[in-house]
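Enquirer: Got a predicted structure here, sequence first:
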Amino acid sequence: MRKIDQLTHRIMNLSTPTVFPVPFRYRKPGYVALAVTDLDRSITFYRDLVGLTLQERDGDEIAFLRCGTDHHDVVLYKATQPGLKRMAFQLESAQDLAHAHGWLTELGYQPVWAAPQECGTLRQGPTLRFRIPDCELLFEFYAQMESGGEWQPTVAKIERLGHVVIGMRNPEAVLATLLEKLNFRMSDQFGTHTWFLRCFPNPYHHSFAVARAEFDRLHHVNFMVTDVDDVGRALYRMRKAGVEIVFGPGRHDISNSIFLYFLDPDGMTVEYSFGMEEFAEDGAREARQLPFSMEILDSWGSAPLPATGKGGAVEAASL
Ligand SMILES: CC(C)c1ccc(C(=O)O)c(O)c1O
Ligand SMILES: [Fe+2]
C-alpha cells in the first residue's frame, strides 16, 4: 500500500479516542484572535464590510468585535505582522474546563491559566491555554464569556463565527492529537491535504479544518450567514470597496455550503458561507474520503486564486 494510502487509512481510523472518552465537550468555536498591522483599518473592514459590531477597544492595541450575543467573536491585536494568534473554543461548562485542565496536564501539554487581569480584559471567566505537539497554534479553552447583549446585524445577517482553517506543516501529527486526545471528530477528508473536523458535539460539518501547508499558517476565517443573499450582496459590496475576491461565489460539495472568499486589509482570507451539513451527536454518518476534484471543491465551477488562504502565519509567541 502506498505511504499516502497508509497515512489516509490511519487518519480515517482515528475518528474516536483510542484510550477512553475525552472528559470534556465543546459548545462551539469561541473566537479567533488575529494579529493585524493597522488596527483602525481592520476595525473598519471587519465592521463596515464584513458586518461585525465593534464591542470594545483597548486603546490602540486590541479591538473586540462580535457577530452574536457574546462579547467577542473576533479579537484584533495590533502587530508588526499579520497572522493567527490563537483559536479559542468554548466548552460546555466550567466542569468541562476543569476536566480539560486535568486531562491536558496528564497529556503533558502544560496548560496554563490566563492571568486574572487578562481574563478581565477578555471579559471571560477562567481561560486555559496550551499548545499540542508539532503545532505552533495556541489553543484556548474557556467556558464563560460576558454577553455583549442583543446583536443587530448590519450589512450581513451573520449567524455565527463558523470555522477556522489552518495550514499545518505536519497535519498527520496534528490530526492524531485533535482526534485522539482533544475530542474532535472527522467529518470528511478531501484529497490528501484537507481534513474537516467537528469540535464534538457541535453539529456543524466543520468548526476547524487542517490543510497541508509548507509552514503553520492561517488559511481562513469563516462566518456563516443566514441568507444566500448575504453572499450575493457581499460580492458586490466587496467589489465596490476594492476588496479582492479570491474564490467563488460557488458551492462546496463537501459541506454543501455556498461560499465567497475575500481578503482582509492584511491579505488574510475571510469566507462567508451559507448552509452547512449538520451532524447528530449520535449515529452521525461516517467520515468520507473524498477524492480531490475541482467539481467537489466548487460545483459551480470557480477556482481559488493563488492568494486564497495564504495571508498570515500562525504566531509562535510564548504562552
Ligand atoms: C477551500 C477550503 C479548504 C474549503 C473547502 C470546503 C469547505 C466546505 O465544504 O465548507 C470549506 O469551508 C473550505 O474552506
Ligand atoms: Fe471554509
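Expert: Received the coordinates, thanks. Numbering: from 1, shown residues only. Ligands and ions are numbered 1, 2, ... in the order given.

Enquirer: residues contacting the closest residue to residue 149 other than its chain neighbours?
Expert: Nearest non-adjacent residue to residue 149, counting by C-beta to C-beta, 6 or more residues apart in numbering: residue 69, 6.7 Å away. (Each C-beta comes from the backbone N, C-alpha and C, glycine too.) Listed by C-beta atoms under 8 Å, 6 or more residues apart in numbering, the contact set of residue 69 reads 147-151.

Enquirer: Closest to residue 61 out of those residues?
Expert: The closest of the contacts of residue 69 to residue 61 turns out to be residue 148 (C-beta to C-beta; 19.5 Å).

Enquirer: Tell me the spacing between the closest one and residue 165.
Expert: Separation of residue 148 from residue 165 (C-beta to C-beta, to the nearest Å): 26 Å.

Enquirer: Do you know the pLDDT at the residue nearest to residue 149?
Expert: Note on residue 69: pLDDT of 98.

Enquirer: and if you look at residue 13?
Expert: Predicted confidence (pLDDT) at residue 13: the value is 64.

Enquirer: same thing with the one 3 residues further on?
Expert: We have a pLDDT of 51 for residue 16.

Enquirer: now do the one 5 residues further on
Expert: If you check residue 21, the pLDDT there is 88.

Enquirer: Where do the domain boundaries of this protein fall?
Expert: Segmentation of the chain into domains, based on the TED database, reads 26-142, 158-297.

Enquirer: Can you say which of the ones you listed is nearest to ligand 1?
Expert: domain 158-297 (3.1 Å; C-beta to the nearest ligand atom).

Enquirer: how long is the closest one end to end?
Expert: Start-to-end span of domain 158-297 (C-alpha to C-alpha, to the nearest Å) is 23 Å.

Enquirer: do the same with stretch 287-303
Expert: One end of stretch 287-303 sits 24 Å from the other (C-alpha to C-alpha).
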